[in-house]
Every structure is written in C-alpha cells, then in structure tokens.
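1. missing the sequence, but the structure's below:
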C-alpha cells in the first residue's frame, strides 16, 4: 500500500495552488490533492486541510476525515474513492450515483452506494468483524490471513451493515496453500438475512475436492447450482476475485483469476433484507486483500 500521496517529495514540479496529476507532480513541500472538487491541485504537504490529524502529505482524502490508505494506488483514499479497488475509468460514473465502474454492479441505473469497504490495512482488525473461531483471521501486511491448518469446517469472518434487497459483494484473495485438515477446500463470500425469521442467503465460492469433481464454482441459496471453472481457484501464483450479487429474486456468482473470467453461475434466491456479509474459507491458508459491499436502497 502507498503511504505517501502522489507527488510528495518531488524536488521540481508545480507549486502550491497549481494544477497537478500523475504526469504533472508537485514540487518540494507540496502534494497533489486528487480529491479537490475543482480538480487536482498542489497543496501544502505539512498542512491538514480537513483537520483530521493526518497531514496532507499522508492523507488521500483531504476534504473529509480518514484517508490514510489508498488500496488501488490512484491517489484517492479508500473512504472517499467512488471505486476503491480500481483507478477511475475513462467514463467513471455514467449513472451519476457516485459509484464508479467496476464497483457499480449496474452502471446505467442510479441508486447504488458503497456501504462497506475494508482493505485490511493498519495494525488491528476492525472490531466490527466477528470471527467464528477466535484468532483464525489476522492482519498481515495489508491483507487478512486465514489459517485453517487445524480447523476442518468452513470458517467465516462476518460483519453486519444496514441491509438491502439488492446487493453486490466482491472480494480478492490469494491462496498460500491447501491444508490437510480436510479433503475439501473452499474460498467464498457470503451474504444473508440475519434476522430470526430471515431465509435469504447467498454463498458464492470456488471449491476444490481432493477426490471426485476436482474444481467447481458454486452458488448456494435455498437452491444450489454449480459449474466447472476454466481453471483452479487455488493456484498460489494467482490472484482471484469473487463477485456475488442478488437482485430481483436471482443470485449470481462470478469468479476471475489473474484478470481472466473463470466462470459464472446463477440460482434463485428468497427475497429478504441481506444485512450480513462474510468471507469464508475451508481447508486453506489464504489471504484476502479487500472486501467491498455495494447496495441499492434499503
């Protein structure tokens, strides 16, 4: 993760008050404010424009509290980024709902909002996360590491939020190794209705079995469906992304490996307020880089 805003420490370049950008850095003592409403501009690196205690030279959100981390290294902090997992595209927000592609599950229909993002930076795990087995999930160098070497069952890292009927959950992960604690290995994301009468649930994941059908991409609701991915989701040399979505009584599950589609599968889902999300794993030592939840309405 970057710890300095683009342009900080440059010996030549634009001065305070001048326009700036990746190809037009600020000079010594200045930093490029990528979040200025009027466009990127050089500001004093030692100042604190938003008064949040983070100097401008270390602040990626200079106009609101927070901004210490920039997951996608585009100069815009996680808390103020319309898409904290990717730099702004050429047409960032066609529907005007302040969620950029590729974070917006429906870029032509307004109303989506980012309700949760965690890039797993800092020294401690956010206390809002609940672990099924204590100390199984730990922060490690800007990732959350799950080690199930001694746990046979699927384990979860869970968090609740406001809730929505229309939802997308995305996560990125790497596999260190498949453990010998079980013969089934899983990396997954999940969302459900945690209310006592709630029936809506969705789990999306890649599954490897040591016997039988080797690899499947599975979606689990009140009905299950699966397909064969084009490649394994457990290669330690690869970076994977999972995307689960629920809208209009249907649920989808998509997997990507190293930027290439691995497969997609759908199933009906019971209507309900999805208000809990989780990262899931079984029989692996894995590292999740980030998790993102985008919702429409309540």
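-> Everything's here; your move. Keep in mind it's a predicted model, so treat the numbers as computed, not measured.
2. What's the mean pLDDT across the helix or strand encompassing residue 256?
-> Per DSSP states H and E, residue 256 falls inside strand 250-257. For strand 250-257, the mean pLDDT works out to 96.
3. strand partners of it, parallel vs antiparallel please.
-> If you go by DSSP bridges, strand 250-257 pairs up with strand 240-247 (antiparallel), strand 260-268 (antiparallel).
4. Can you name the next helix or strand after the last one?
-> Translated: strand 260-268. strand 274-282.
5. For that following strand, buried residues please.
-> 274-282 (16 or more other C-beta atoms under 10 Å). The C-beta positions use only the backbone N, C-alpha and C, and glycine is treated the same way.
6. Take these and lay them out in JSON lines including distance to residue 289.
-> Listed next are the buried residues of strand 274-282 as JSON lines, based on distance: C-beta to C-beta, whole Å:
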{"residue": "274", "distance to residue 289": "23"}
{"residue": "275", "distance to residue 289": "24"}
{"residue": "276", "distance to residue 289": "21"}
{"residue": "277", "distance to residue 289": "16"}
{"residue": "278", "distance to residue 289": "16"}
{"residue": "279", "distance to residue 289": "11"}
{"residue": "280", "distance to residue 289": "16"}
{"residue": "281", "distance to residue 289": "14"}
{"residue": "282", "distance to residue 289": "19"}
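7. Tell me which residues of the strand holding residue 256 come out buried.
-> 251-257.
8. which two from the buried residues of strand 274-282 end up farthest apart in space?
-> Spanning the widest gap among the buried residues of strand 274-282 are 275 and 282, at 23.7 Å by C-beta to C-beta.
9. Domain map for the chain?
-> 1-81, 117-296 (automatic domain parsing).
10. Lowest average pLDDT across the ones you listed?
-> What stands lowest among these, in mean pLDDT terms, is domain 1-81, with a mean of 87.
11. before we move on, the earlier item: right, and out of the buried residues of strand 274-282, which lies closest to residue 82?
-> Of all these, residue 277 has the smallest distance to residue 82: 20.0 Å, by C-beta to C-beta.
12. Might you report the residue contacts of the closest one?
-> Residue 277 sits next to 116, 158-159, 161, 169, 189-191, 291, 293 when contact means C-beta atoms under 8 Å, 6 or more residues apart in numbering.
13. 7 Å instead?
-> Contacts of residue 277 were listed using C-beta atoms under 7 Å, 6 or more residues apart in numbering, and they are 116, 159, 169, 190-191, 293.
14. Name the residues linked to it by a beta bridge.
-> Beta-bridge pairing for residue 277 (DSSP bridges): residue 159, residue 191.
15. do residue 130 as well
-> If you apply DSSP bridges, the partners that residue 130 bridges to are residue 158.
16. So it sits against residue 155, correct?
-> No. Using C-beta atoms under 7 Å, residue 130 is not in contact with residue 155; the gap is 11.6 Å.
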